[in-house]
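J.: Pasting the sequence and the predicted coordinates here, then a few questions.
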Amino acid sequence: MRLTCFARLLGTALLAPVLATAASSACAGEVLVSAASSLTNAFKDVAHSYEAQYPGSKVSLNFAASGVLLQQIVKGAPVDVFASADQETMDAAQKQGLVLAAERQDFVSNSLVLIVPHDSKLGINSLNDLTRKGVTRVAIANPASVPVGRYAESALKKAHLWEAVQPKAIGTQNVRQSLDYVARGEVDAGFVYATDAAIMQDKVKVVLDVPLASPVLYPIASIKGSSNAIEAKRFVNYLQTAPAQAILARYGFKKP
């Protein structure tokens with residue numbers, strides 16, 4: 001059953017302002033996509049490409065940490081498509097019956113990197129270096145709600161360094177906040193995705209490709225009960241097309 005414009009707006013009234021704004025523009029039948037923060041730049045271009053491919057279509061975008069986006073959907077946000085930066089969050093959405101499992105697919109991969117301010121003189125080149133006394137502040141996104149934080153925690157635990165580094169952790173709400181902290185020199189180092197580091201090469205420097213037990217795969221799926229089900233499915237499938245993959249590759253994302 002198609003939601004009325006009023007219902008869609010009412011559903012976002014108590015949620016994030018950006019989501020409410022997106023929903024207000026989605027009332028004419030546009031597809032509302034909630035995507036992980038690390039997809040911000042790439043998805044803006046993908047949306048333009050999609051709209052050019054399908055005249056009359058409109059993509060409204062809402063970006064935040066994957067866990068935050070999931071909670072918005074749980075609370076009734078009128079989202080049509082969900083793109084997460086990890087499997088765990090999408091698994092949770094699927095387990096709660098929020099997404100269409102049959103339409104779920106991995107569309108890109110990424111990698112975790114350790115970055116420092118471009119002019120850093122601390123000589124950080126490894127995870128072990130983070131335990132040195134001269135290193136006092138490390139940006140790590142909240143592992144409870146942000147995938148990049150969970151990846152960082154997992155890597156540090158595997159290296160038996162979590163207990164030593166955790167007291168130095170400066171918690172952030174998403175990967176872009178971690179990137180900003182490092183870029184502004186407010187922390188000594190931080191964990192972000194390779195694609196995030198790439199957009200600020202003049203301000204941050206990658207010092208380590210952090211090894212992980214499993215690859216960083218991004219899943220996407222239509223929301224169950226979406227008021228724009230046909231458009232949502234078309235957008236999900238569009239992510240696998242050559243034009244969309246070319247855009248994602250331009251921002252450093254790799255095929256899954």
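T.: Yep, that arrived.

J.: What residues of the lengthiest helix in the chain count as buried?
T.: If you go by DSSP state H, the chain has its longest helix at helix 40-53. Buried residues in helix 40-53, defined by neighbour count with 16 or more other C-beta atoms under 10 Å: T40, N41, A42, F43, V46, A47, S49, Y50. (Each C-beta comes from the backbone N, C-alpha and C, glycine too.)

J.: before we move on, what about stretch 115-126?
T.: By 16+ other C-beta under 10 Å, the buried positions in stretch 115-126 come out as I115, V116, P117, S120, L122, I124.

J.: name the element the second one belongs to?
T.: Here V116 sits within strand 112-117, counting by DSSP states H and E.

J.: elements contacting the very next helix or strand once past that strand?
T.: Counting by DSSP H and E, the next helix or strand C-terminal to strand 112-117 is strand 138-141. Using 3 or more C-beta pairs under 8 Å, 6 or more residues apart in numbering; DSSP states H and E, the elements in contact with strand 138-141 are helix 147-158, strand 169-172, helix 175-183, strand 189-193.

J.: between the longest one and strand 189-193, how many degrees?
T.: Taking axes from the mean of the first three to the mean of the last three C-alpha atoms, to 10 degrees, one finds that helix 147-158 is oriented at 120 degrees with respect to strand 189-193.

J.: avg pLDDT for the longest helix of the chain?
T.: Average pLDDT, helix 40-53: 97.

J.: could you list every residue that touches the residue nearest to the spatial centre of the chain?
T.: With distances taken as C-alpha atoms, centre = their mean, the residue of the chain nearest its centroid is A36 (2.3 Å). A36 sits next to F63, A64, A65, S66, L69, A83, S84, A85, P147, V175, Y218 when contact means C-beta atoms under 8 Å, 6 or more residues apart in numbering.

J.: pull the helix or strand with minimum mean pLDDT from the protein.
T.: helix 5-12 (a mean of 43; mean pLDDT, DSSP states H and E).

J.: you'd agree S227 is in a helix?
T.: No. S227 sits outside any helix when classified using DSSP: H, G, I helix; E, B strand; the rest coil, being coil.

J.: got any ranges where this protein has weak pLDDT?
T.: Counting by pLDDT under 70, the chain shows low-confidence ranges at 1-29.

J.: go with 50
T.: The chain contains residues with pLDDT under 50 at 1-14, 20-28.

J.: Apart from its chain neighbours, what residue comes closest to the residue nearest to the centre of the chain?
T.: Closest residue to A36 apart from its sequence neighbours, by C-beta to C-beta, 6 or more residues apart in numbering: A85 at 3.7 Å.

J.: that older thread, nearest to I140, out of the contacts of A36: which one, please.
T.: Nearest to I140 out of the contacts of A36 is V175 (C-beta to C-beta; 10.3 Å).

J.: Tell me which residues touch that closest one, please.
T.: A36, S37, S38, A65, A85, A141, V146, V148, V192, Y193, D196.

J.: picking up where we left off before, return the most buried member of the helices and strands packed on strand 138-141.
T.: Ranked by mean neighbour count under mean count of other C-beta atoms under 10 Å, the helices and strands packed on strand 138-141 are led by strand 189-193, which reaches a mean of 29.

J.: Give me the residues contacting stretch 209-216.
T.: 85-86, 109-114, 127, 147, 151-152, 154-155, 158, 191, 193-194, 256.

J.: scratch that, stretch 105-114 is what I was asking about
T.: For stretch 105-114, using C-beta under 8 Å, 6+ apart, the contacting residues are 38, 83, 85, 124, 127, 130, 148, 151-152, 155, 189-195, 197, 206-210, 212, 215-221, 236, 239-240, 248, 252-256.
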